[in-house]
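>>> quick one: sequence and predicted model below, then my questions.
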Amino acid sequence: MKKISILLALLCATYSGFSQSALSLEQIIALALQSNYDVAIATNNISSANNNATKAQAGYLPNLNLNSGLNYSRNNTNLTFGGVVPDIEKDGVENTSYNVGVGFNYLVFNGFGRVHTYQSLMNTQQLTSLQSKIISENLVLDIVTRYLDIQQANLNLDAALNNIKISQDRLKRVTIGNENGSRNKLDVLSAQVDLNNDSLSILSLQTAIQKQLASLNTLMGRDPYTAIKVAELIPVPAQQSMTVLREQALQNNATLLLAQVAEELAMHQIAITESRRLPTVNMTGNYGYNNAQNGAGVVLSQKTLGFSSGLTVTMPIFNGFQLTTALKNAELNQANKEIELKKAKLSIQNQLRSAELDIELMSQTITAQAQNIELAKTALERAQLSYSNGSITFNDLRIAQLNILLAQNNLNQAKINLVKVYYTTARLAGGLLTN
């Protein structure tokens, strides 16, 4: 008995004293969204997508280059001219030339491909933002699940602590009965085994709580050994009718919006591919200085300073059916995106239907388990009286005791699962990050 009492004291000390600070669910979510590594990476990806979603990246601006060059050659030269110009034959002729200037290249027209490229960059920006939102929603839902699991473990722990009081009282009574000869030693040993098992159940619940707390620390970007305690509060998000939730989900669900943007992106890719059938108009220009020195020839030196420009038109005629194949594949990709969008809508409707059925089931379960607890308490009171009178066995008493614990745990689980479903429906409707 002394060893068991010491063990229980240590367990209670561990449960109540391992942390001094209490965090609400809202505080944990806020810290995680601020410090979680996955969220930080997603934020950087958004910044990168924002940098790319500009007309400059789509090719609307010209390219400017500073050009320069230097050439030198030394050759034996033999020049033959017609007419009155005498021939030249000379060894070790040195020729030099150098130039410096500013050149530009501007794509005037590429079959409207530039327009759709810019729209694709904007879609990619939206895509990245939605992906970041999904990452944040996954994080919040993970935190909610772990937080509620801790609350359920705490509720189960309260039930287990009440249950162990019964086991302690029974061991005490059986021990006294054994001393006065009304109970045998086997009853004492069985009571001690049950008390030990109940103590281990408490230890298991406390270990599960500390594991979840370590996971919450990790999600918040903190050392898992950081001592924390969650507030003993179970916040329940506001509930709306399934009709309203379904309408909100079809408008605001991040996964559905992601599929819609992906479809738009595929449509722009088709347009970009089709633009390759049209002519490309490109303008070039250069303003610079050129100097050339010839060791032999009619023109020994030439210097120029000025501007030159040109316009190039390219019209594709045949490229081995590569463009045709690329267009077919782009259209197939767009068809797949349409299918994925329909699949996403159907999946959301299915999840909402499942949530609706779960809410009905959990509500009925809560009512039934609450009744079971009252019935089990009454049964235990009668079993204790019958056991004292010797009309039932020790195992019958133990079953009556465990029935209360089982009913209480089932009630706790049903309540927590109902709250989890509420948060799941909030996410499906796109409101998880705002609740």
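Structure's in. What do you need? Numbering: from 1, shown residues only.

>>> quick one, strands of the stretch 101-250 of the chain?
229-230 (DSSP state E, counting those that start in this stretch).

>>> how about the helices in it?
Using DSSP state H, counting those that start in this stretch, the helices found in the stretch 101-250 of the chain span residues 113-180, 185-219, 242-252.

>>> how near is the residue most central in space within the chain to Ala292?
Nearest to the mean C-alpha position of the chain, by C-alpha atoms, centre = their mean, lies Ile135 at 2.3 Å. For Ile135, the distance to Ala292 (C-beta to C-beta, to the nearest Å) stands at 61 Å. For every residue, glycine as well, the C-beta is placed using N, CA and C.

>>> count the residues that sit near Leu130.
By other C-beta atoms under 10 Å, the residues close to Leu130 number 19.

>>> in the stretch 101-250 of the chain, where is pLDDT below threshold?
Nowhere does the stretch 101-250 of the chain drop to pLDDT under 70.

>>> if you set the cut-off to 90 instead, what comes out?
For the stretch 101-250 of the chain, the stretches with pLDDT under 90 are 162-163, 166-167, 169-170, 173-174, 176-187, 190-191, 232-240.

>>> residues touching the residue nearest to Leu219 when sequence neighbours are not counted, list them.
In space, and not counting its chain neighbours, Leu219 is closest to Ala32: 5.0 Å by C-beta to C-beta, 6 or more residues apart in numbering. Contact analysis of Ala32 by C-beta atoms under 8 Å, 6 or more residues apart in numbering lists Val39, Leu139, Val140, Ile143, Leu219, Met220, Gly221.

>>> what's near enough to touch the fourth one?
Looking back up the chat, that one is Ile143. With C-beta under 8 Å, 6+ apart, Ile143 has these contacts: Leu25, Ile28, Ile29, Ala32, Leu216, Leu219.

>>> mind listing what's buried along the helix or strand the second one falls within?
Secondary-structure assignment from DSSP states H and E places Ile28 in helix 25-35. Judged by neighbour count (16 or more other C-beta atoms under 10 Å), helix 25-35 contains these buried residues: Leu25, Ile28, Ile29, Leu31, Ala32, Leu33.

>>> quick one, what contacts Asn105?
Asn105 neighbours (C-beta under 8 Å, 6+ apart): Pro62, Asn63, Asn65, Asn282, Met283, Thr284.

>>> one more time with 6 Å
Neighbouring residues of Asn105 by C-beta atoms under 6 Å, 6 or more residues apart in numbering: Asn63, Thr284.

>>> and Pro86, how many neighbours?
Using other C-beta under 10 Å: Pro86 sits among 8 other residues.

>>> helix/strand/coil for it?
Following DSSP: H, G, I helix; E, B strand; the rest coil, we place Pro86 in the coil state.

>>> what's the separation between it and Ile416?
Relative to Ile416, and taking C-beta to C-beta, Pro86 is found at 107 Å.

>>> cool, and Asp198?
22 Å.

>>> do the same with Lys343
31 Å.

>>> more neighbours, these two?
Ranked by neighbour count (other C-beta under 10 Å), Lys343 and Ile416 place Ile416 first, with 22 against 11.

>>> please tell me how far that one sits from Gln151.
Taken as C-beta to C-beta, the span from Ile416 to Gln151 is 6 Å.

>>> would JSON lines of the contacts of Ile143 with distance to Leu385 be doable?
As requested, the contacts of Ile143 are exported to JSON lines (distance: C-beta to C-beta, whole Å):
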{"residue": "Leu25", "distance to Leu385": "44"}
{"residue": "Ile28", "distance to Leu385": "47"}
{"residue": "Ile29", "distance to Leu385": "50"}
{"residue": "Ala32", "distance to Leu385": "52"}
{"residue": "Leu216", "distance to Leu385": "45"}
{"residue": "Leu219", "distance to Leu385": "50"}
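
>>> identify the farthest-apart pair in those.
Leu25 and Leu219 (12.3 Å; C-beta to C-beta).

>>> intersection of neighbour lists for those two?
Shared contacts of Leu25 and Leu219, counting by C-beta under 6 Å, 6+ apart, come down to nothing at all.

>>> one step back: just tell me which of the helices of the stretch 101-250 of the chain ends up closest to Phe318.
helix 113-180 (19.2 Å).
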